[in-house]
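[1] Okay, sequence plus prediction incoming.
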Amino acid sequence: MDLGDDLSQAIAMAATYAGELSFGRRRYTRELEGVDIAIVGVPFDQGTSNRPGARLGPRAIREQSSLVASYPWGLWPWEFNVFERARVIDYSDLAFPPGYPDRMMEAVAFHVGRIVDAGSSVLALGGDHTIAYPLLQTHARRHGGLSLIHFDAHSDSWNMGDDVNNGTPFFLAVREGLVDPSRSAQVGIRTPNPDSHGFTVIDADRLLDEGTDAVVRTIRGLVGERAAYLSFDVDFLDPAYAPGTGTPVVGGPTTQQARRLLRGLAGLRIVGADVVEVAPPYDPAGQTALAAATIAHDLLYLISMGRGTRR
């Protein structure tokens, strides 16, 4: 074994607790030529309505991703290694000054717009759920009106006028025509939801009563062949599996059920996705970030399969 200056050997031999902090050991770069999927961190939590801390989410997810991506044959139970099928980079975190939500939105519009205009897809790591609003704006400019597949304990579609926070992104998206609610689903909801705005709402009781296979059929029937954006709030999971989040709600599904739902969506045209609301200060053991890193990895598979054959 070369103990000298061969950096490739150092990376190859790194233990899961050492080495690069990039997602899945992907290369940190903002060069987009030939890139299929760019992973983007959006460390913003000033739209949260309860406990802050999600600004630390992207870093925690990346740290746990070294464990999730440690097998050269891919993530169980997928039958291939997504990093062999698609060229994936870590675009790193977007920079914006704290205290200015509009600057966060400007950064998302610029950088994510740059990525999608280059023909690449985006997986965003949050951050609180506010970030979904500028992400949807940018993707809708590229793909037109989208189907939304939204996993969450909360609807995040409250009508608060022009207020932009983690409770309003999907109301704003419907109001602006970014998504078609009649071809969209909100799954796992278990908090008050005074107005569905036309979304098909599959609450937690229905999900757990009908089972994952039935819910997958419903989602696939709604979306069909349309371009879809998938937004996954980690508080979709019961807090037994994801305690490190801003507003945990009991009575949710397991991580295994969440992953089965996601795998059931393979082949849909998912053009972009996010994983949000990981707040590491409330989970010193890191199990929330591990769940989010695994789900983010699942989303890479879905995005890759939705892109079809590599160009």
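    Nice, I can see it. Numbering: from 1, shown residues only.
[2] quick one: low-confidence parts of the stretch 151-300 of the chain?
    Within the stretch 151-300 of the chain, no stretch has pLDDT under 70.
[3] Tell me where the stretch 1-150 of the chain has helices.
    Using DSSP state H, counting those that start in this stretch, the helices of the stretch 1-150 of the chain run over residues 7-12, 57-68, 82-85, 101-117, 132-143.
[4] Check which residues of the second one are buried.
    Right, the one you point to is helix 57-68. G57, P58, R59, A60, I61, R62, E63, Q64, S65, S66, V68 (16 or more other C-beta atoms under 10 Å). All C-beta spots, glycine's among them, are computed from the backbone N, C-alpha and C.
[5] In contact with A258, which residues?
    Shown in contact with A258 (C-beta atoms under 8 Å, 6 or more residues apart in numbering): F151, F232, F236, L237, A291, I295.
[6] check which helix or strand covers the second one.
    Think F232. Under the criterion of DSSP states H and E, F232 resides in strand 228-233.
[7] picking that back up, now for the helices of the stretch 1-150 of the chain, which one comes closest to I189?
    Within those, the stretch nearest I189 is helix 132-143; the backing value is 15.4 Å (C-beta to C-beta).
[8] Might one say that G53 is in contact with A279?
    Yes - between G53 and A279 a contact is recorded at 3.4 Å, counting by C-beta atoms under 8 Å.
[9] anything in contact with each of those two?
    D45, G244, G246.
[10] Ramachandran coordinates for the last one?
    I take that to be G246. phi -70, psi -40 (degrees, to the nearest 10).
[11] follow-up on the earlier one: CA atoms of the strand holding F232 as PDB?
    Taking Å, rounded to 0.1, in the frame of the first residue of the first chain, the C-alpha atoms of strand 228-233 are listed here in PDB:
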ATOM      1  CA  ALA A 228     -42.500  15.400 -10.900                       C
ATOM      2  CA  TYR A 229     -40.600  17.100  -8.000                       C
ATOM      3  CA  LEU A 230     -40.200  15.000  -4.800                       C
ATOM      4  CA  SER A 231     -39.900  16.800  -1.500                       C
ATOM      5  CA  PHE A 232     -39.100  14.700   1.600                       C
ATOM      6  CA  ASP A 233     -39.400  16.300   5.100                       C
END
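[12] Out of the contacts of A258, which two are the most distant from each other?
    Greatest spacing in the contacts of A258, by C-beta to C-beta: F151 and A291 (12.1 Å).
[13] related to what we said a few turns ago, which one's more surrounded, G53 and A279?
    Neighbours were counted for G53 and for A279 using other C-beta atoms under 10 Å; A279 has more, 29 against 21.
[14] check contacts around the more buried one.
    Under the criterion of C-beta under 8 Å, 6+ apart, the neighbours of A279 are D45, R51, P52, G53, A54, L56, G57, G244, T245, G246, T288.
[15] among the residues you listed, which are in strands?
    The members of those all map outside strands under DSSP state E.
[16] just the buried members of those residues?
    Buried members of the contacts of A279, scored by 16+ other C-beta under 10 Å, are D45, R51, G53, A54, L56, G57, G244, T245, G246, T288.
[17] Could you dump these into a markdown table and include distance to S22?
    Below are those laid out as a markdown table (distance: C-beta to C-beta, whole Å):
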| residue | distance to S22 |
| --- | --- |
| D45 | 22 |
| R51 | 27 |
| G53 | 22 |
| A54 | 20 |
| L56 | 17 |
| G57 | 15 |
| G244 | 21 |
| T245 | 23 |
| G246 | 25 |
| T288 | 20 |
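[18] Give me the neighbour count for W158.
    Close neighbours of W158, defined as other C-beta under 10 Å, add up to 21.
[19] what kind of secondary structure is it in?
    Classification of W158 by DSSP: H, G, I helix; E, B strand; the rest coil places it in coil.
[20] Could you tell me how far it is located from D195?
    8 Å (C-beta to C-beta, to the nearest Å).
[21] what do you get for V234?
    Counting by C-beta to C-beta, the separation of V234 from D195 is 24 Å.
[22] Out of the contacts of A258, the closest to T212 would be?
    Relative to T212, the closest of those is F151; by C-beta to C-beta it sits at 11.7 Å.
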